[in-house]
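# Could you look at this predicted model? Sequence included:
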Amino acid sequence: MSFLVKIREKARTVGKTVVLPEGQDERVVTAAAKIVELGLAKPVVLGIKADMERVANDLRISLKGVEIIEIANSPKLNEYAAKFAELRAKKGMTFEKAKEIMSTEPNFYGAMMVKLNDADAMVSGSDSPTADVLRAGLQIIGTKPGIKTVSSMFVMELTERQETYGEVLLFGDCSVIPVPTSEQLADIAEASVVTARNVVGMEGKVALMTFSTKGSASHPDVDVVKEAGNILKERGVKFPFEAEIQADAAIVKSVAMKKCPESKVAGSANILVFPNLAAGNIGYKLVQRLAGANAYGPLIQGLASPINDLSRGCSVDDIVNLVAITAVQAAE
């Protein structure tokens with residue numbers, strides 16, 4: 001059974017409510033109808049009802065079962081504004097300013113729905129930059145207790161050579177932190193293991209990658225990755241990991257036997273932590289496009305409740321699938 005089939009089956013059983021703030025996007029409207037049809041979640045779409053009904057009419061789809069909220073006219077607007085003003089009081093937020101934001105910025109309204117348990121999770125980004133989605137999440141939802149680093153992870157479902165590399169690999173961070181510190185790399189590794197267990201049902205084996213394997217090259221960038229490994233050792237983490245390892249040694253057993261034969265992770269890593277955002281973003285897109293892998297995400301790690309980000313080039317199916325994954329996250 002494929003990863004996607006498993007996720008959809010689990011999403012159907014948990015019955016979560018997921019808010020989609022970008023009702024002005026035709027893809028979101030179409031996806032919401034499909035989510036209801038497949039029984040994956042209870043979608044709440046923020047936008048102008050008449051506009052969405054016009055789109056649905058043109059596309060000959062039904063919006064039955066899709067809740068639509070026009071945020072500027074919402075009966076909960078004052079309640080949400082008061083809560084936002086309270087959360088941001090130390091930053092000088094007034095009720096009037098909070099009400100303006102809540103009535104005009106759907107990502108903030110959607111995040112407040114999650115904060116106040118009017119929704120279980122949020123999926124946005126088809127028509128918003130990642131920074132806007134994250135800003136709403138951080139200012140309203142905040143991070144999990146004890147978590148300092150918010151990062152991202154892609155679930156990469158391989159369509160070829162699964163017998164060699166496995167069905168699923170996790171790639172991070174591919175969309176949030178441009179140049180992570182050693183401590184942030186360690187945080188990404190820890191968060192990714194939790195994502196692997198909760199979303200994929202997989203025990204993580206982490207490779208903190210760079211362009212050197214066990215001293216084959218010397219450079220300050222390599223030192224950052226090596227120090228991340230030292231931090232994980234100091235934390236006494238329970239999952240297996242290897243720091244300072246090249247990509248081929250991380251996933252190819254024959255290469256691992258030559259470069260680091262004593263490693264318990266080399267050759268069989270299933271979580272690949274990239275040294276920076278450039279490498280991660282380029283890496284996942286190359287695997288997706290050249291190897292035909294299915295890329296699900298980015299899943300945002302570290303927030304107190306699930307808020308996930310879409311690529312602005314996403315398809316309707318990308319939205320549907322990310323909502324299913326997000327519903328499963330909300331059940332954990």
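Cool, got the structure.

# if I pick the nearest residue to V273 once chain neighbours are set aside, what's in contact with it?
Leaving aside its chain neighbours, V273 sits nearest to L208 (4.8 Å; criterion: C-beta to C-beta, 6 or more residues apart in numbering). Using the backbone N, CA and C atoms, a C-beta is placed for each residue, glycine as well. Contacts of L208 were listed using C-beta atoms under 8 Å, 6 or more residues apart in numbering, and they are L185, A189, V225, A228, G229, F241, E242, A243, E244, I245, V273, P275.

# Just the buried ones from those?
L185, A189, V225, A228, G229, F241, E242, A243, E244, I245, V273, P275 (16 or more other C-beta atoms under 10 Å).

# The residue nearest to V273 in helix, strand or coil?
strand (DSSP: H, G, I helix; E, B strand; the rest coil).

# re earlier: out of the buried ones among the contacts of L208, name the ones that lie in helices.
L185, A189, V225, A228, G229 (DSSP state H).

# If we only consider the residues you listed, which is nearest to G15?
A189 (32.1 Å; C-beta to C-beta).

# Would you map the helices across the stretch 101-250 of the chain?
Assigned by DSSP state H, counting those that start in this stretch, the helices in the stretch 101-250 of the chain fall at 106-115, 130-136, 162-165, 182-195, 220-235, 247-251.

# In a markdown table, list the ones in helices among the buried ones among the contacts of L208 along with pLDDT.
Below are these laid out as a markdown table (pLDDT from 0 to 100):
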| residue | pLDDT |
| --- | --- |
| L185 | 97 |
| A189 | 96 |
| V225 | 97 |
| A228 | 97 |
| G229 | 96 |
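
# which residues touch A98?
With C-beta under 8 Å, 6+ apart, A98 has these contacts: Y80, A81, A82, F84, A85, R88.

# ok, now with 10 Å
77-78, 80-89, 108, 112 (C-beta atoms under 10 Å, 6 or more residues apart in numbering).

# could you dump the residues you listed to JSON lines with pLDDT and neighbour count?
JSON lines is the format used below for the contacts of A98 (pLDDT from 0 to 100; neighbours: other C-beta atoms under 10 Å):
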{"residue": "L77", "pLDDT": "97", "neighbour count": "17"}
{"residue": "N78", "pLDDT": "97", "neighbour count": "13"}
{"residue": "Y80", "pLDDT": "98", "neighbour count": "25"}
{"residue": "A81", "pLDDT": "97", "neighbour count": "24"}
{"residue": "A82", "pLDDT": "97", "neighbour count": "14"}
{"residue": "K83", "pLDDT": "97", "neighbour count": "17"}
{"residue": "F84", "pLDDT": "97", "neighbour count": "24"}
{"residue": "A85", "pLDDT": "97", "neighbour count": "19"}
{"residue": "E86", "pLDDT": "96", "neighbour count": "11"}
{"residue": "L87", "pLDDT": "95", "neighbour count": "17"}
{"residue": "R88", "pLDDT": "96", "neighbour count": "16"}
{"residue": "A89", "pLDDT": "95", "neighbour count": "11"}
{"residue": "F108", "pLDDT": "98", "neighbour count": "24"}
{"residue": "M112", "pLDDT": "98", "neighbour count": "29"}
